[in-house]
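Colleague: the sequence isn't on hand, but the structure is:
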């Protein structure tokens, strides 16, 4: 059982944690480059400043996770649940966000310009504003709430 562990700044490069229970774990500043976290339960986890470049987060449960300033370039977030996640200053690069859920996610100053698979329909009731960088042609449905 990994829930609640403190893995701050650990090198977890290419680790396979598919389906792992990482609820309320601290992974702040961890290197999860190329990690497999498919289906992992990371609700309320702290991933602030973590490197998730080219990681596999498909169908991961990231509800209410703290992911400020995360690097997600090339990550697969297909069907991941990011509802209520704090993604302020996160850099998504070329992440695949197909069917990812962003309901009430905080996207202030997040850079989603290069993401793949994102639609306006996924951006319902998100928190952000003018500082949120979205791909060309993508707009939040309804007002992008400021808080």
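Modeller: Nice, thanks for sending it over. Keep in mind it's a predicted model, so treat the numbers as computed, not measured.

Colleague: going forward, measure contacts and count neighbours with C-alpha atoms only.
Modeller: OK.

Colleague: now do the same contact list for residue 45.
Modeller: 22, 23, 24, 25, 26, 27, 62, 64, 65, 66 (C-alpha atoms under 8 Å, 6 or more residues apart in numbering).

Colleague: and the fourth one, what does it touch?
Modeller: So that's residue 25. For residue 25, the contacting residues are 2, 3, 4, 5, 6, 7, 42, 44, 45, 46, by C-alpha under 8 Å, 6+ apart.

Colleague: of those residues, closest to residue 96?
Modeller: Nearest to residue 96 among these, counting by C-alpha to C-alpha, is residue 42 at 18.5 Å.

Colleague: report pLDDT for that closest one.
Modeller: In this model, residue 42 is scored at 98, pLDDT.

Colleague: what do you get for the one 4 residues further on?
Modeller: For residue 46, the pLDDT comes out at 98.

Colleague: can you give me the neighbour number for residue 112?
Modeller: 23 (other C-alpha atoms under 10 Å).

Colleague: next one: residue 96
Modeller: With other C-alpha under 10 Å as criterion, residue 96 counts 25.

Colleague: one step back: now the contacts of residue 45 as CSV including secondary structure, pLDDT and distance to residue 87?
Modeller: Shown next, in CSV, are the contacts of residue 45 (DSSP: H, G, I helix; E, B strand; the rest coil; pLDDT from 0 to 100; distance: C-alpha to C-alpha, whole Å):
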residue, secondary structure, pLDDT, distance to residue 87
22, coil, 97, 18
23, coil, 97, 17
24, coil, 97, 16
25, coil, 97, 17
26, strand, 97, 16
27, coil, 97, 15
62, coil, 98, 11
64, coil, 98, 10
65, coil, 98, 8
66, strand, 98, 7
